[in-house]
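Q: Structure here, sequence nowhere to be found:
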């Protein structure tokens, strides 16, 4: 069964990268130009952090994520969003994942704080395995 790949953005802190790599599936870092400029070859999941700290004029969606989503193919093949955030951001916690999900009509599959706990990683794996099975069974529309 195909493992749905995860495209993610991680800042220099590496917190999101750490979570993504612990999910034990194909992962592509959108901080790297080769991945940011590519097109997904099938259904994929986005993992994005939110960076807004209370300034309403600042956008929460990382620019690398915006660039990847400029591709019509990538937008069509997106099947879900996962978010990393910091509860210190208050009402802006998880805003990037929630905004992308709202705009794309795709679900927020999972949210966690910072690099996630071992429980978060186990839960993320389980959610993605269920998604893989649903896609393999044709239970979810693709494109």
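A: Great, that's in hand. Model, not experiment: these values are computed from the prediction.
Q: so the most centrally placed residue in the chain, which of the three states?
A: Note on the chain: the residue nearest the mean C-alpha position is residue 47, at 1.7 Å, using CA atoms, centre = their mean. Look at residue 47: counting by DSSP: H, G, I helix; E, B strand; the rest coil, its state is strand.
Q: How about residue 16, nearest residue that isn't a chain neighbour?
A: residue 10 (3.8 Å; CB to CB, 6 or more residues apart in numbering). In this view, the C-beta of every residue, glycine as well, is placed from N, C-alpha and C.
Q: Likewise for residue 93?
A: Nearest non-adjacent residue to residue 93 (CB to CB, 6+ apart): residue 85, at 4.5 Å.
Q: Does the longest strand seen in the chain pack against any helices or strands, and if so which?
A: In the chain, assigned by DSSP state E, the strand with the most residues is strand 78-85. Contacts defined by 3 or more CB pairs under 8 Å, 6 or more residues apart in numbering; DSSP states H and E place strand 78-85 against helix 15-22, strand 44-49, helix 95-104, strand 108-113, helix 118-136.
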